[in-house]
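# Make a model of this:
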Amino acid sequence: MYSQSLTSLPAQNPPPLRSVVLDPSSCSESCLQKYLKMTQRISLRFQEYHIQQNEALAAKAGLLAQPR
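Take a look at the predicted model:
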């Protein structure tokens, strides 16, 4: 069963690999773009959160005009 040597086994093709980026600057640019998009999303979330908090505080203090 296991008496066959590894050299007598049939050759198998390795699974295809993703293409490798040869240009380091394009890799850096891609990484930078992902980072910038992430920080922009985080900034927007913080801004939305602070707006909601300010509106809640203003409503609690009675500073917002009541809808008619």
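# Counting neighbours, what do you get for residue 47?
10 (other CB atoms under 10 Å). For glycine as for every other residue, the C-beta is placed from the backbone atoms N, C-alpha and C.
# now it: how far from residue 37?
Distance of residue 47 to residue 37, given as CB to CB, to the nearest Å: 16 Å.
# tell me which element residue 54 is part of?
Take DSSP states H and E as the rule and residue 54 turns out to sit in helix 24-61.
# do the same with residue 13
Assigned by DSSP H and E, residue 13 falls within no helix or strand.
# Any stretches of the chain with poor pLDDT?
Within the chain, the stretches with pLDDT under 70 are 1-11, 14-22, 64-68.
# mind redoing it with 90?
Residue ranges of the chain with pLDDT under 90: 1-28, 58-68.
# which of the residues in the helix holding residue 54 are buried?
Residues of helix 24-61 classed as buried: none (neighbour count, 16 or more other CB atoms under 10 Å).
# I'm done for today, thanks for sticking with me.
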